[in-house]
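Participant: Give me a 3D structure for the following:
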Amino acid sequence: MSANQHVVSGRWHHFEGERLQCDLCPRHCQLKDGQRAFCFVRQRQGDEIVLTSYGLATGFCVDPIEKKPLNHFYPGSSVLSFGTAGCNLGCRFCQNWDISKARDVERLSERATPLQVAEAAERAGCQSVAFTYNDPVIFAEYAIDTAEACHELGLKSVAVSAGYITEQAREPFFAVMDAANIDLKAFTERFYHKLCFAELGPVLDTLRYIKHETDCWLEVTTLLIPGENDSEAEVEQLAGWMHENLGPDVPLHFSAFHPDYKLTGPQRTPTETCLRARRQAKAIGLNHVYCGNIHHPESQSTYCPGCSALLIERDWYALGEYAVQSGPAGSGTCAHCGAPVPGRFSEAAGSWGRRRLPIRIA
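Facilitator: Residues are numbered from 1 along each chain as shown. Next up, the predicted model:
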């Protein structure tokens, strides 16, 4: 495939009568010839569904890995981040709506093959490449090929996703991902129906699958929206489900909401709401609970689940004290008491800090 080609055959579809059904995500869009799916970037062309955004991106930027957010995946390292256009959810509060709701792919995008992305990350000194900004599920073929190109160069791959993917597509997608942050929007079907035009069940299935069926490192993020998903009861249900189904060591990030896109009624999430949710989740038994989009170093830092010592000090995305010793396959232990620390760690913390560096690929 040439660097200029950006339409490739999709891998997941079948006929339902005269319509062709996309089997990539639980929407199961059934398309007539020429019709586009909900995500906009997948389109029926004859007897196949094609991905029209292959090799196109809405810009590339080198970020701190903590911005994804991933706090237990090679802390302090840099990651080359990019996305495409479109999304398979319809979140009214989307924080990246200018990308995820974009339909003029050609106008927004610059071109890059999977190999060009991997080589650019290597030149920039990045340890990994992240598929983010919009959901990589909808450009799965491009993400999978890019992840494989990264692995050939010794780089890691990261998916930042809402986890809205079918069982048949889930396996090949997460098989090539080294880490994932899954956005668990809320813990009620009402919220998913009303504000995301989606369903909660498939997301929970994805979380269980990643944790128990793959080697992909998993962290979870929930954006707390006042009056919508921030009640004590819902936080308790969410954290309780995670503890029971994913165990105590999967990190959970509570992120503060700011009014955006079509949800401008609720006010910005108070700091105390995030801290209260963190206390609740820790009381239930989750060992690593963080707060994002607020300035509160204590809730952004990592502590030993054994002796409670400070392991990784964070102030926004800048790291201070680092007391994690790395072991086989990136495992970690507390430098104070030797207790296991879940995640993937290097001998020393990275030094990328808070920088955000836009770069050009092609």
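Participant: When you work out contacts or count neighbours from here on, use the C-alpha atoms and nothing else.
Facilitator: Noted.
Participant: what bits of the stretch 251-362 of the chain have low per-residue confidence?
Facilitator: 260-266, 362 (pLDDT under 70).
Participant: could you pull out the strands for it?
Facilitator: Under the criterion DSSP state E, counting those that start in this stretch, strands of the stretch 251-362 of the chain are mapped to 252-256, 289-292, 302-303, 310-315, 318-322, 324-326, 332-334, 340-341, 357-359.
Participant: and residue 15, what pLDDT?
Facilitator: Looking at residue 15, its pLDDT reads 96.
Participant: Can you tell me the closest non-neighbouring residue to it?
Facilitator: Among residues not flanking residue 15 along the chain, residue 21 sits closest, at 5.8 Å (Cα to Cα, 6 or more residues apart in numbering).
Participant: Just the pLDDT at that neighbour, thanks.
Facilitator: pLDDT at residue 21 comes out at 98.
Participant: tally of neighbours for it?
Facilitator: 22 (other Cα atoms under 10 Å).
Participant: which SS class is it?
Facilitator: Recorded secondary structure, residue 21: strand (DSSP: H, G, I helix; E, B strand; the rest coil).
Participant: Neighbours of residue 212, how many?
Facilitator: 11.
Participant: show me what contacts it?
Facilitator: Residues near residue 212 by Cα atoms under 8 Å, 6 or more residues apart in numbering: residue 246.
Participant: mind checking pLDDT for it?
Facilitator: 98.
Participant: What is the three-state secondary structure of residue 203?
Facilitator: State at residue 203, reduced to three classes by three-state DSSP: helix.
Participant: when you give positions from now on, start the count at 182
Facilitator: Will do, 182 is the new start, and the previous item becomes residue 384.
Participant: got the contact list for it?
Facilitator: Residue 384 sits in contact with 343-346, 365, where contact means Cα under 8 Å, 6+ apart.
Participant: Output those residues as CSV; include the columns secondary structure and pLDDT.
Facilitator: Formatted as CSV, those follow (DSSP: H, G, I helix; E, B strand; the rest coil; pLDDT from 0 to 100):
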residue, secondary structure, pLDDT
343, coil, 97
344, coil, 98
345, coil, 98
346, coil, 98
365, coil, 98
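Participant: For those, name the two members farthest from one another.
Facilitator: Largest separation among the contacts of residue 384 by Cα to Cα: 346 and 365, giving 13.2 Å.
Participant: related to what we said a few turns ago, need the contact list for the residue nearest to residue 196.
Facilitator: Contacts of residue 202 (Cα under 8 Å, 6+ apart): 194-196, 209-212.
Participant: again, but for residue 362
Facilitator: 249-251, 339-342, 399-402.
Participant: at 10 Å what do you get?
Facilitator: Contact partners of residue 362, counting by Cα atoms under 10 Å, 6 or more residues apart in numbering, are 249-251, 313, 339-344, 388, 398-402, 432-434.
Participant: Just the buried subset of these, please.
Facilitator: Burial by neighbour count, 16 or more other Cα atoms under 10 Å: within those this picks out 249-251, 313, 339-344, 388, 398-402, 432-434.
Participant: mind listing which of these are in strands?
Facilitator: 339-342, 398-402, 433-434 (DSSP state E).
Participant: okay, now the domains of this structure?
Facilitator: Annotated domains of the chain cover 189-232, 237-474+531-540 [automatic domain parsing].
Participant: Select, out of the ones you listed, the one closest to residue 494.
Facilitator: That would be domain 237-474+531-540 among the domains of the chain, by Cα to Cα, at 10.4 Å.
Participant: so how far is the closest one from its chain's centroid?
Facilitator: Counting by Cα atoms, centre = their mean, to the nearest Å, domain 237-474+531-540 is centred 2 Å from the centre of its parent chain.
Participant: which residues of the stretch 232-381 of the chain score low on pLDDT?
Facilitator: Scanning the stretch 232-381 of the chain for pLDDT under 70 picks out 276-290.
Participant: Tell me where it has helices.
Facilitator: Secondary structure of the stretch 232-381 of the chain (DSSP state H, counting those that start in this stretch): helices located at 278-281, 286-289, 295-304, 321-333, 348-356, 370-372.
Participant: For residue 509, find the nearest of the ones you listed.
Facilitator: Nearest of these (Cα to Cα): helix 321-333, 18.6 Å.
Participant: what's the angle from that closest one to helix 295-304?
Facilitator: 40 degrees (axes from the mean of the first three to the mean of the last three Cα atoms, to 10 degrees).
Participant: for helix 321-333, packing partners?
Facilitator: Using 3 or more Cα pairs under 10 Å, 6 or more residues apart in numbering; DSSP states H and E, the elements in contact with helix 321-333 are strand 189-190, strand 229-232, helix 295-304, strand 309-312, strand 337-342, helix 348-356.
Participant: Okay, angle between it and helix 348-356 too, please.
Facilitator: 30 degrees.
Participant: and helix 321-333, which residues are buried?
Facilitator: Within helix 321-333, the residues that count as buried by 16+ other Cα under 10 Å are 321-332.
Participant: repeat for stretch 262-277
Facilitator: So, applying 16+ other Cα under 10 Å, buried residues of stretch 262-277: 262-276.
Participant: Count the neighbours of residue 542 for me.
Facilitator: Neighbours of residue 542 (other Cα under 10 Å): 16.
Participant: Hmm, I typed the wrong one, I wanted residue 238.
Facilitator: Counted with other Cα under 10 Å, residue 238 comes out at 21.
Participant: That one and residue 292: what is the separation?
Facilitator: Plainly put, residue 238 is 6 Å away from residue 292 if you go by Cα to Cα, to the nearest Å.
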